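*Asks:* sequence and predicted structure are below.
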Amino acid sequence: MAFVLAPAMPIEAWLAELDKWSRNSPDFFVGRPIILDLAALPLDPAEIGELIATLAERGIRVMGIEGTQTDQLGPALPPVLKGGRATGSSETAVPATTDAGASRRQEPSTLLVETPIRSGQSVIFPYGDITVLGAVSSGAEVVAGGSIHVYGALRGRAMAGSMGNAKARIFCSRNEAELISIDGYYRTAEEMDANLRNRPTQCWLEDRILSIAALD
């Protein structure tokens, strides 16, 4: 699955937020195919090339471009993709749009996911909570700037507080998680108490220690 980055003006502030995201999740972009959505940026080919080079310096490799009418970008730039979905309309992922002004206007905010999240899918919502009504399959991931609520089984990875929110929590109806993380502190399945598996649990961070407790 390709991951969509949607830059916003001013670019310097957007890049600063992207750097903050990368510091909290340093391996997040490793090996991921990236689509650059330029719908919010009126850039010419030279400016697009400069932006792609800046992202490459951060280890982010762009495989395609959306949201621009510039069809003649030249062989040095990724191709303009045709027939794709508009940014934010995907049923399986929310793009990491890091527009600080937009986030302030929308707070508090919650993303509601009404379908199960299948293996290989990602749901990313940097500036609020995520509520999943179904299950999160093994190999899937949920990344939220706030808290995460899973009303089905949590079998994949759940990363809350991804933008530096140590007060975020993770709630699930059945804990079968491969990994849980809050504000960069994490536990894998092997590090969890066996008595806390396959039951409703909550996770929180206290004094830099990731705690897990049963809810039943």
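*Replies:* Right, received. Where do you want to start?

*Asks:* domain assignment for the chain?
*Replies:* What automatic domain parsing lists as the domains of the chain is 1-98, 107-214.

*Asks:* would you mind finding the most buried of those domains?
*Replies:* domain 107-214 (a mean of 19; mean count of other CB atoms under 10 Å). Where you see a C-beta, it was placed from the backbone N, CA and C, and this is true even at glycine.

*Asks:* reformat the domains of the chain as a markdown table; add mean pLDDT.
*Replies:* Listed next are these as a markdown table, based on pLDDT from 0 to 100:
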| stretch | mean pLDDT |
| --- | --- |
| domain 1-98 | 71 |
| domain 107-214 | 90 |
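
*Asks:* could you pull out the strands for this protein?
*Replies:* 3-5, 34-37, 62-66, 110-113, 122-125, 129-132, 141-144, 148-154, 157-160, 170-175, 179-182, 185-188, 201-206, 209-214 (DSSP state E).

*Asks:* rebuild these as TSV, extending it with distance to residue 22.
*Replies:* Output for these, formatted as TSV (distance: least, CB to CB, whole Å):
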stretch	distance to residue 22
strand 3-5	12
strand 34-37	13
strand 62-66	15
strand 110-113	21
strand 122-125	13
strand 129-132	20
strand 141-144	13
strand 148-154	20
strand 157-160	13
strand 170-175	22
strand 179-182	15
strand 185-188	16
strand 201-206	20
strand 209-214	21
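
*Asks:* what distance do you get for residue 55 to residue 42?
*Replies:* 18 Å (CB to CB, to the nearest Å).

*Asks:* go on, residue 151?
*Replies:* Counting by CB to CB, the gap from residue 151 to residue 42 is 42 Å.

*Asks:* same deal with residue 119?
*Replies:* Remark: distance between residue 119 and residue 42 (CB to CB) = 38 Å.
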